[in-house]
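Chemist: sequence and predicted model, in that order:
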Amino acid sequence: MSRKVVVGMSGGVDSSVAAFLLKEQGYDVIGVTMQIWQEENPQETEENGGCCGLSAVDDARKVAWKLGIPYYVMNFRQEFKESVMDYFVDEYLSGRTPNPCIACNRFVKWEALLERSLKIGADFIATGHYARVEQLPNGRFAVRNSVTAAKDQTYALYNLTQEQLSRTLMPVGAYTKDEIRKIAEEIGLPVAKKKDSMEICFIPDNDYAGFIERTAGSVPGEGNFVDRQGNILGRHKGITHYTVGQRKGLNLSMGHPVFVTEIRPETNEVVIGEGEDVFSDYLVCEKVNWMAVDGLHGKPLKVRAKIRYSHGGAPCEIRELPDGKVECRFETPQRAITPGQAVVFYLGEYVAGGGTIL
């Protein structure tokens, strides 16, 4: 009897080909699109596109029909609102810069989808992420870099649990994007040339501050730009408009480029500094999830760490603090280490673990 896998289908080419590859490998494949958009207005959700738009359901259904697999739409609106959208707003109001994709992966795409999939008799869930899941000699499951560095998505997957990884398949990680599109064309999938969605799916216009204002009800208003000594440099339009390392849109006439170095929600201040002030060789992270290793057991470990999705990674040494947090010392200073973002530790091609930057 073939093993059953639920494939999360966003209507994009990657998850569509993932479903095809798994069917070819002999799995009993079920396609599922996660209904997470909050609006009922068809025009608005259609315009949103991405994995939130109604077009995702239409495209995924066409692909499922083409592949000859059963297809369902599951409602995850509540989980998405609580674990992703509310978290996004709360983090910005606290002066941090969140990563909603990491939260969505951990609590919605895996936790909620896996739970429901197991209830309908599935053995695995699968996605179209450019990453690979492997069981290591130490018995632990870990996410491994995809074969293509250009599309590698392991950074956003560091927070998955051992139980989730043990039931996860990621067939796309063994291919490049061009190879995936070629497979889609060869088998006649209608989404073969569909462009990738780049923006945060629930903020298609990229106006984070506008979204937060509409969602939160009340947000901190204008406040002071200050330097590190507390001298007032000007007025800002609200802390939700800024993130550490930001240079553009400050509207400060200082005569030379200046940058956001800190956000202080308790005083409604945005701290401004020089270029060198944005660099640091040290961070502490919390809410640590271990993956390839089961902790540091009191010993420091040399790893490569990424401090944002687009960061190339840098050598550093990590050690556990008594309270379970982890400190990380880089060999060279890194630009714009941002509270709220994830730091992800790599041992070679494998994710060792990661946490949220304080």
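Modeler: It's in.
Chemist: now for this structure, the helix or strand with the poorest mean pLDDT.
Modeler: Every helix and strand of the chain was ranked by mean pLDDT, DSSP states H and E. The lowest is helix 42-48, at a mean of 49.
Chemist: from memory residue 132 sits against residue 141, does it?
Modeler: No. Counting by C-beta atoms under 8 Å, residue 132 sits too far from residue 141 to count as a contact (10.9 Å). Just so you know, the C-beta spots here come from the backbone N, C-alpha and C atoms, and that holds for glycine as well.
Chemist: packing partners of the longest helix seen in the chain?
Modeler: Looking across the chain with DSSP state H, the single longest helix is helix 54-67. Here helix 54-67 touches helix 13-24, strand 28-35, helix 42-48, strand 71-75, going by 3 or more C-beta pairs under 8 Å, 6 or more residues apart in numbering; DSSP states H and E.
Chemist: what ranges do the strands span in the stretch 251-358 of the chain?
Modeler: 259-264, 269-273, 279-290, 301-306, 314-320, 326-335, 342-347, 350-357 (DSSP state E, counting those that start in this stretch).
Chemist: for residue 237, find the nearest of those strands.
Modeler: strand 269-273 (9.6 Å; C-beta to C-beta).
Chemist: and the angle from the closest one to strand 259-264?
Modeler: Interaxial angle, strand 269-273 versus strand 259-264 (axes from the mean of the first three to the mean of the last three C-alpha atoms, to 10 degrees): 150 degrees.
Chemist: buried stuff in strand 269-273?
Modeler: For strand 269-273, the neighbour count (16 or more other C-beta atoms under 10 Å) marks 269, 270, 271, 272 as buried.
Chemist: how about stretch 224-231?
Modeler: Buried residues in stretch 224-231, counting neighbours by 16+ other C-beta under 10 Å, are found at 224, 225, 226, 227.
Chemist: what's the closest of these to residue 155?
Modeler: Using C-beta to C-beta, the buried residues of stretch 224-231 come closest to residue 155 at residue 225, 31.2 Å.
Chemist: identify the residues contacting that closest one.
Modeler: Contacts for residue 225 were tallied using C-beta atoms under 8 Å, 6 or more residues apart in numbering; they are 232, 233, 234, 235, 236, 250, 252, 269, 270, 271, 272.
Chemist: residue 259 is in contact with the last one, correct?
Modeler: In other words, residue 272. Yes. Counting by C-beta under 8 Å, residue 259 is a contact partner of residue 272 at 7.0 Å.
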